[in-house]
Structures are given as C-alpha cells and as structure tokens.
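Asks: sequence plus the predicted model coming up.
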Amino acid sequence: MAGGALYFTLYYGNDILKYDLGSSVLSVIKSRPLHRGKMTPVTVEDGGLGVAGVVGDSLHLWSWRPGPGSVAGWVQQRVIELDTLIPIVIGGPSSELRVVGFAEGAHTIFMSSDAGGVFAFELKTGRVRKIMLVADWNRQ
C-alpha cells in the first residue's frame, strides 16, 4: 500500500496494477524503470509508490512521480552495491539475487538466492541480515 492505493505486479513484474482505495478505480502502470529483472512494488520515504529490483550486484530503488496531465515517470532514488554487503559470490552459479518481498512498516526489502538463502536489507540503516538458509534440493 502506498499513497492510498494498493499495488500488485502483473505479467512477471512488467506491469503494476493500482487499486485506488478512495475511488475504487483500477488502473495499470505499464512502464517500469528497468527492462531487465523482476521489480517488486515498495513504499518510498514520502509514502508513494516505488519499485525495487536487483541488476547484477546492485539493488535499484525507483519512485513513481505523477506529473501534470498525463505526464508521469520513474525517478531513480538509490543504487546500493550488494557485493560487499551480502556474503555470497554474486554472479556465481545459482547466486543470482532477486527481490522477493517488502515489509512496509519495517522499511525492509527481502532478497533471495538459490545458493545463499534469504536476506533482509533494512533501507534506513543499510543493515543486511541472513534470515533463512535455502536447502540444496538437488542433494535429496
């Protein structure tokens, strides 16, 4: 939820569905800031809509800025280098990080990797914690 609306990803994260709680109107935000990788909706500092996604070894944070009339667009807020924060070899086999969730009240982004587990990244402090191991299902 952000700015009085609920947001959901559509089509593998390519589009975002907006449900305005005040007017009960559905709309689709077709554009997204990165054309690579899955983006996950997040709430940005001003309470508006943002998205987060991992590209290579960086976490990208963008915010949606409605403009006058029909002009609107994404503004890049931050790029966080993850290679020194997360204890896995990014770019190695099965190590691709992806954003899997967001906790609004805690301002925390959750990322996972097949090789490394699930990590919580706190936006306000920059702290990263490993919160879950991922079992190697191929060994079973």
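Replies: It's in. Residues are numbered from 1 along each chain as shown.
Asks: just grab the bridge partners of the residue most central in space within the chain for me.
Replies: Most central in the chain under Cα atoms, centre = their mean is residue 52, positioned 2.6 Å from the mean C-alpha point. Taking DSSP bridges as the rule, residue 52 bridges to residue 40, residue 61.
Asks: tell me the contacts of it?
Replies: 39-40, 42, 59-62, 99, 102, 109 (Cβ atoms under 8 Å, 6 or more residues apart in numbering). All C-beta spots, glycine's among them, are computed from the backbone N, C-alpha and C.
Asks: need these in CSV (columns: pLDDT and neighbour count).
Replies: Shown next, in CSV, are these (pLDDT from 0 to 100; neighbours: other Cβ atoms under 10 Å):
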residue, pLDDT, neighbour count
39, 80, 26
40, 85, 21
42, 89, 25
59, 92, 21
60, 92, 21
61, 92, 19
62, 91, 23
99, 89, 23
102, 91, 19
109, 95, 24
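Asks: please convert those residues to a markdown table, extending it with distance to residue 18.
Replies: Converted to a markdown table, these look like this (distance: Cβ to Cβ, whole Å):
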| residue | distance to residue 18 |
| --- | --- |
| 39 | 14 |
| 40 | 15 |
| 42 | 14 |
| 59 | 23 |
| 60 | 21 |
| 61 | 19 |
| 62 | 15 |
| 99 | 19 |
| 102 | 16 |
| 109 | 20 |
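Asks: quick one: the strands in the chain?
Replies: 5-10, 15-20, 25-29, 40-43, 49-55, 58-66, 72-81, 98-103, 108-113, 117-122, 128-132 (DSSP state E).
Asks: dump the C-alpha coordinates for the longest one into CSV.
Replies: Backbone C-alpha positions of strand 72-81 (Å, rounded to 0.1, in the frame of the first residue of the first chain) are rendered in CSV as follows:
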residue,chain,number,x,y,z
ALA,A,72,4.4,10.7,-15.2
GLY,A,73,7.5,8.7,-14.8
TRP,A,74,10.1,6.8,-12.7
VAL,A,75,12.8,8.6,-10.8
GLN,A,76,15.9,6.7,-9.6
GLN,A,77,16.2,7.1,-5.8
ARG,A,78,19.2,4.9,-4.9
VAL,A,79,21.6,2.3,-6.2
ILE,A,80,23.1,0.0,-3.4
GLU,A,81,26.1,-2.1,-4.2
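Asks: good, wrapping up.
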